[in-house]
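*Asks:* Got a predicted model here, sequence first, then my questions.
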Amino acid sequence: MKIAVIGTGYVGLVTGTCLAETGNDVTCVDINQQKVDMLREGQSPIYEPGLQTLLHRNIAEHRLHFTTNLAEAVSEATIIFLALPTPPGGDGAADLSYVLGASRDIALTISSYKVIVTKSTVPVGTADKVKAIFKQYTDVEVAVVSNPEFLREGVAIEDFMKPDRIVIGTTDETAKGLLNELYAPYVRQGNPIVFMDERSSELTKYAANSFLATKISFMNEVANLCEKVGADVDMIRLGIGADERIGKRFLFSGIGYGGSCFPKDVQALARSASENDYEFKILNAVMDVNALQKSVLVSKIKAFYGDDLTGKTFALWGLAFKPETDDIREAPALQVIDELLSSGAKVNVYDPEAMKNVEQLLGATITYAENQYDALNGADALLILTEWSVFRNPDFIKMSNLLGSKVIFDGRNLFDVAKMNDIGFYYNSMGRAT
Ligand code: UGA
């Protein structure tokens, strides 16, 4: 099938590349010429495991193309995916200007039936707005479909190739048939394609992310309570997760959720609710808990050293909002760094992938280590902020020799508490004994 994908951000690039991988002819469009040139050379602008290999293969086999020419890409395609950003506007509502602007540009160029698929995360009612734009600018018949993506950064290729489900919101029968055919290779293992109306599909995406964020904030509160009553959150996670109604996954307490999706989507759903005269009370609590959770580690540090951290140096392991990505958007690490610096401390950081992004943002306000051990040199304590695998089984003897004192504040519960105490570390983790 001939496909156009508008926007080569994270979602657009993964979608376009994975659709080419099953034999479709895909053209990805972006307004950024430099980015398009880079992609034509097979260079991925983002770090995503497996993406580079698929890019090379599909470009070499002439199934995957990149261009700035929207009209050309769109005229040849039957299905057009919109994968454009929907950043939060000043009032917390998603800004639809990119999605609606691209819809107008497409409407002005098409001359035959097209299926317009919104992949971007958009508030309920956006499909109607997109339909209205097409009505305004063209007489050509189009189907406007909501098809939210559920990709996780770091495992996006796997999530696309083997999705738990595919949600398609449309009542257009031709569009249903075409998308069923397009997605058939991805649901071989019996996972469903769930067809529904556009509004339910749009809301499904927000409900999924907000529910997962709720799980995280809930477990973070359980962890905070555990520390007060002397219980162990990891045991509670196992104890409740074995109940299939709760599920084992997404119950890890930590220093709060970050990234480009959860914070934005929880806020947008709460906002959508209030616009419709409904107060989504749980979501307000989820956001409040998350904001506080990002400060928990620094509060513990201040309880240990006192409020004034002048003269102290902290080594930070992990900056990305989660492992296997270089993404630092809404990363809890940024708040931790900010709070440490404003309390007078010095910060020396290491992350396997996110150093460049952090350096661009924070420059010389902090120092950047060559590797995880180099970060410890002369530091008063180690803080663990992202659960990268390389941090899971470190050389503790080497660490003891490098650190000024054997103190670790672990925001991701990487080590066994009893073992850490045995080898003489002061080890403060989340929701467990010290
Ligand atoms: C999330 C969703 O998981 C995807 O299904 C969705 O498609 C995507 O948003 C999106 O809307 O585009 P992502 O932001 O890549 O994916 O990251 P997650 O793996 O979901 O992690 C989000 C945050 O929650 C991270 O900061 C992570 O550290 C935190 N988290 C996750 C926890 O604190 N505890 C957990 O148990 C799980």
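*Replies:* Noted; the coordinates are in hand.

*Asks:* Quick check: pLDDT value at Gly7.
*Replies:* The confidence metric pLDDT takes the value 97 at Gly7.

*Asks:* Also Glu153?
*Replies:* pLDDT recorded at Glu153 is 89.

*Asks:* same deal with Phe134?
*Replies:* We have a pLDDT of 98 for Phe134.

*Asks:* now stretch 157-170: mean pLDDT?
*Replies:* Over the span of stretch 157-170, the pLDDT mean works out to 97.

*Asks:* end-to-end on that stretch?
*Replies:* 25 Å (CA to CA, to the nearest Å).

*Asks:* quick one: buried residues of that stretch?
*Replies:* Ile157, Asp159, Phe160, Met161, Pro163, Ile166, Val167, Ile168, Gly169, Thr170 (16 or more other CB atoms under 10 Å). The C-beta positions use only the backbone N, C-alpha and C, and glycine is treated the same way.

*Asks:* can you pull the contacts of the fourth one?
*Replies:* Contact criterion CB atoms under 8 Å, 6 or more residues apart in numbering gives Cys18, Glu21, Tyr186 as the residues in contact with Met161.

*Asks:* try 10 Å this time
*Replies:* Met161 sits next to Val14, Cys18, Glu21, Thr22, Gly50, Leu54, Pro185, Tyr186, Arg188 when contact means CB atoms under 10 Å, 6 or more residues apart in numbering.

*Asks:* now that we have these, which one has the most neighbours?
*Replies:* In terms of neighbours by other CB atoms under 10 Å, the contacts of Met161 top out with Val14 at 28 neighbours.

*Asks:* Point out the residues in the stretch 151-300 of the chain that sit beside the ligand.
*Replies:* Residues of the stretch 151-300 of the chain lying close to the ligand (CB under 6 Å from any ligand atom) are 151-153, 209, 212, 216, 250-252, 254, 257-259, 261-262.

*Asks:* picking that back up, return the closest of the buried residues of stretch 157-170 with respect to the ligand.
*Replies:* Closest approach between the buried residues of stretch 157-170 and the ligand, by CB to the nearest ligand atom: Asp159, at 7.2 Å.

*Asks:* which SS state does the closest one fall under?
*Replies:* Counting by DSSP: H, G, I helix; E, B strand; the rest coil, the backbone at Asp159 sits in helix.

*Asks:* so where do the strands sit in the stretch 301-434 of the chain?
*Replies:* Remark: strands assigned in the stretch 301-434 of the chain by DSSP state E, counting those that start in this stretch are 313-317, 346-350, 367-368, 381-384, 407-410, 426-428.

*Asks:* what separates the last one from the chain centre, distance-wise?
*Replies:* Between the centre of strand 426-428 and the centre of its chain there are 29 Å (CA atoms, centre = their mean, to the nearest Å).

*Asks:* same deal with the first one?
*Replies:* Taking the mean C-alpha point of strand 313-317 and that of its whole chain, the gap between them comes to 24 Å (CA atoms, centre = their mean).

*Asks:* What of the shortest one?
*Replies:* On the basis of CA atoms, centre = their mean, strand 367-368 sits 25 Å off its chain's mean C-alpha point.

*Asks:* Please apply the same query to stretch 313-322.
*Replies:* 18 Å.

*Asks:* distance of the residue lying farthest from the centre of the chain from Thr78?
*Replies:* Most distant residue from the mean C-alpha position of the chain: Asp139, 37.9 Å away (CA atoms, centre = their mean). Taken as CB to CB, to the nearest Å, the spacing of Asp139 relative to Thr78 amounts to 18 Å.

*Asks:* Show me how far the helix or strand bottoming out on mean pLDDT in the chain is from its chain's centre.
*Replies:* When each helix and strand of the chain is scored by mean pLDDT, DSSP states H and E, helix 262-275 comes last, with a mean of 93. From the chain centre to the centre of helix 262-275 is a distance of 16 Å (CA atoms, centre = their mean).

*Asks:* So in the chain, which helix runs the longest?
*Replies:* Scanning the chain for the longest helix, with DSSP state H as the assignment, gives helix 198-229.

*Asks:* how far off helix 262-275 does that one point, in degrees?
*Replies:* Between the axes of helix 198-229 and helix 262-275, defined by axes from the mean of the first three to the mean of the last three CA atoms, to 10 degrees, the angle is 120 degrees.

*Asks:* Show me which residues of helix 198-229 are buried.
*Replies:* Buried residues in helix 198-229 (16+ other CB under 10 Å): 198, 201-206, 209-210, 212-224, 226-227.

*Asks:* Near the nearest residue to His56 once chain neighbours are set aside, how many other residues are there?
*Replies:* Spatially, and ignoring its direct neighbours in sequence, His56 is nearest to Gly42 (4.6 Å; CB to CB, 6 or more residues apart in numbering). Gly42 has 17 neighbouring residues, counting by other CB under 10 Å.

*Asks:* same thing with Ala315?
*Replies:* Close neighbours of Ala315, defined as other CB under 10 Å, add up to 28.

*Asks:* Report the contact partners of it.
*Replies:* For Ala315, the contacting residues are 347-350, 367, 369, 372-384, 399, 402-404, 408, by CB under 10 Å, 6+ apart.

*Asks:* Stretch 390-404 vs the ligand: in contact?
*Replies:* No - Stretch 390-404 is not in contact with the ligand by CB under 6 Å from any ligand atom; minimum separation 13.8 Å.

*Asks:* Next, Asp37: secondary structure please.
*Replies:* Classification of Asp37 by three-state DSSP places it in helix.

*Asks:* just the buried members of the contacts of Ala315?
*Replies:* Here, 16+ other CB under 10 Å leaves 347-350, 369, 372-373, 375-376, 379-384, 399, 402-403, 408 buried among these.

*Asks:* Domain boundaries for the protein, per the record?
*Replies:* 2-196, 205-292, 294-428 (automatic domain parsing).

*Asks:* State the distance spanning the first to the last residue of the longest one.
*Replies:* It stands for domain 2-196. Counting by CA to CA, you get 24 Å between the two ends of domain 2-196.

*Asks:* go on, the last one?
*Replies:* Domain 294-428 stretches 16 Å from its first residue to its last (CA to CA).

*Asks:* With the second one instead?
*Replies:* As for domain 205-292, its first-to-last residue distance stands at 25 Å under the measure CA to CA.

*Asks:* Flag every buried residue along the one helix or strand Gly101 maps to.
*Replies:* According to DSSP states H and E, Gly101 maps onto helix 97-107. Within helix 97-107, the residues that count as buried by 16+ other CB under 10 Å are Tyr98, Val99, Leu100, Ala102, Ser103, Asp105, Ile106, Ala107.
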